[in-house]
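Visitor: Give me the fold of what follows.
(one chain, ligands or ions: 1)
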Amino acid sequence: MKKQTTIFAILFIFASFMFPATLEERIENISKAEMQSVVEFLSHDLVEGRAPGTRGGNLSELYMKTLFKFMNLEPGADGKYLQPFKLQGFTAKELELTANNVTLNYIEDIVGTYARNEAEFELEADAVFIGFGIATRHWKWDDYKGVDIKDKFVITRVNDPGLFRPDKFDGKTLTYYGRWTYHIEEAARRGAAGILLIHTDRTAGYGWKVVKNSWAGEDLLLESDTRGTLKFRGWIKEDSLKKILRVRNIDIKELYRRSLKKKFKPMNLGFSIKVKGKNSFREVLNHNVVAEIPGKSKKRIVISAHIDHFGIKKHVKGDNIFNGAIDNGTAVAAMVMTAKILKEFQKDLYYTVTVLACNAEEAGLLGSKYYVRHTNKENIITNINFESTPVWEKARSIMGIGARYSTIEDMLQILARKNNVGYSYFSMSEQGFFFRSDQFPFAQQGIPSVWLSAGEDDESGQNKYLSFWKETYHTVKDEYDPAWELGGLKQTIKFGLLLIDHINRTREVPRWKRKLTFPTEGVGDPNR
Ligand SMILES: [Zn+2]
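Guide: This is a model prediction of the structure:
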């Protein structure tokens, strides 16, 4: 009898290890090897940095599809795993800029894209300084004042006036209107022929090295974004711009001083800017990889992470493979593990879960933008996105970037309290992270979304996450390290699962709770 009890006890222990009874137990059992496998593969040199439309990019799509099949997830895009979308790729082979008889050089002084299928190009137009190039009712600001910039070469500051004047915009916190993408979109809408974004470390939030690495090489654009009048888009180093202005005795400080005034108007600078160079062009067929775990309801929660990175950059000497281990291998691991465990607990799912491995994020959130515009968005109740997930020890807190706009923050705070961790805000919030990854296109369509992550406050008091953003982000140093503890990654997976579990149990659909300070185009838009 005693012997039998012992056998049962052993069997029970064995079974509960193999088949954890509760979600919490399963989370505790997440192994380091499970998490490592995804990061290790995606950031391997053989995957060549996963640039869209390259061998490595295609390989990472295939890998995701294979993983989804292996996990028995259903296809999530019209009965298929792959959702195709077309991009146009432009690579500058040569580029130089001339103004006031000063010639500036590619990479050293300027980077940019001439977005036309022309092997050799030349564009010359009058230079106009447009301040921050912002026009928005949200912050009662209009740099354009109705001045026509059609066919002009505009020069703009990036960021927004709040960086310098705490009473303007959202103070130091970067608004949507301070993002460089916005400055280009607005100038394009107004018919500019070219745009130069002035780079300073302070206004861009990162050094010239980051700009250079992101822009040198192929620039990918959605086909719809290359049809307007805007032919050239690029960055210019502040010091290089000063060389051009000096010839005309224009003091850049004076331009800056004026740009901070509400009464600012575009200023014709009295000279022209010419860019010329050589281009190569190709059309790229790209895919999001989409899977589904059906719940009882058709209403869906979308979990996402981008699979692409920068690929191989020929201009970089030595190691030129941008492996993107943290950006975004670790986040893909978070998404895959979340999906894997949800599948194991599928019987408990009320809401269906869509697993979206999106592509071309680095090129401007193109895959997620395409996905959300081409799906039945009325059924999506929320998006939980993973991005550049911390890989070191456990953190003292969790953070929900962008959660403050919606009731997602209340949910996360409840879950943090229950699990004895803090709830924190990212110290780099002034750089507009909510607008910079795949959760944002969801928010723009009116769907409450969040970038969920372990906090930056490691238990031992270090802040390795901050060092990552300052030193490693978008460089070739973003490589896999088998020594990572992966505590922060496990914690991120845990809170992703707990949040989905919370929404499933309470049936509480996330909703907006404060005025949104970015333009939305979709359903449930509280701005309208
Ligand atoms: Zn990323």
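
Visitor: wait, isn't Lys65 in contact with Lys80?
Guide: No. Counting by C-beta atoms under 8 Å, Lys65 sits too far from Lys80 to count as a contact (9.2 Å). The way it works is simple: take the backbone N, C-alpha and C, and place the C-beta from them, glycine included.

Visitor: Who has more neighbours out of the two?
Guide: Summary of the neighbour comparison: Lys65 and Lys80, criterion other C-beta atoms under 10 Å, with Lys65 having more neighbours (19 against 13).

Visitor: can you pull the contacts of Ser406?
Guide: By C-beta atoms under 8 Å, 6 or more residues apart in numbering, the residues touching Ser406 are 448-450, 510-513.

Visitor: before we move on, which element is Asp239 in?
Guide: helix 238-247 (DSSP states H and E).

Visitor: For that helix, what is the distance to the chain centroid?
Guide: In terms of C-alpha atoms, centre = their mean, to the nearest Å, the centre of helix 238-247 is found 32 Å from the chain centre.

Visitor: helices and strands around it, which ones?
Guide: Packed against helix 238-247 by the contact rule (3 or more C-beta pairs under 8 Å, 6 or more residues apart in numbering; DSSP states H and E) you find strand 102-105, strand 194-199, helix 252-259, strand 267-293.

Visitor: Export only the CA atoms of the shortest one, formatted as CSV.
Guide: Extracted C-alpha coordinates of strand 102-105, given in CSV (Å, rounded to 0.1, in the frame of the first residue of the first chain):
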residue,chain,number,x,y,z
VAL,A,102,29.5,74.1,-51.0
THR,A,103,29.4,70.3,-51.8
LEU,A,104,28.4,67.9,-49.1
ASN,A,105,29.1,64.2,-49.2
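
Visitor: What residues does the protein have near the ion?
Guide: Taking C-beta under 5 Å from the ion, the part of the chain that reaches the ion is made up of 327-328.

Visitor: Spatially central residue in the chain, please.
Guide: When the chain is reduced to its mean C-alpha position, the closest residue under C-alpha atoms, centre = their mean turns out to be Ser437, at 2.2 Å.

Visitor: residues making contact with the helix holding Asp239?
Guide: 99-102, 104, 108-110, 155, 196, 198-200, 251-252, 255, 269, 271.

Visitor: And it, what's buried?
Guide: The neighbour-count check on helix 238-247 (16 or more other C-beta atoms under 10 Å) flags 238, 240-241, 244-245 as buried.

Visitor: so what pLDDT did Phe19 get?
Guide: If you check Phe19, the pLDDT there is 60.

Visitor: Which ones among the contacts of Ser406 map onto strands?
Guide: Among these, DSSP state E puts 449-450 in strands.

Visitor: Show me which helix runs longest in this structure.
Guide: helix 487-506 (DSSP state H).

Visitor: now that one: mean pLDDT?
Guide: Taken as a whole, helix 487-506 has an average pLDDT of 98.

Visitor: Send me it as CSV with only the CA atoms.
Guide: Only the C-alpha atoms of helix 487-506 are listed here, as CSV (Å, rounded to 0.1, in the frame of the first residue of the first chain):
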residue,chain,number,x,y,z
GLY,A,487,14.9,37.1,-16.4
GLY,A,488,13.5,40.2,-18.0
LEU,A,489,12.3,38.3,-21.1
LYS,A,490,10.6,35.7,-18.9
GLN,A,491,9.0,38.5,-16.9
THR,A,492,7.7,40.1,-20.1
ILE,A,493,6.2,36.8,-21.3
LYS,A,494,4.6,36.4,-17.9
PHE,A,495,2.9,39.7,-17.9
GLY,A,496,1.8,39.3,-21.5
LEU,A,497,0.1,36.1,-20.5
LEU,A,498,-1.4,37.5,-17.3
LEU,A,499,-2.8,40.5,-19.2
ILE,A,500,-4.4,38.2,-21.8
ASP,A,501,-5.7,36.0,-19.0
HIS,A,502,-7.1,39.0,-17.2
ILE,A,503,-8.9,40.2,-20.3
ASN,A,504,-10.3,36.7,-20.9
ARG,A,505,-11.5,36.2,-17.4
THR,A,506,-13.0,39.7,-16.8
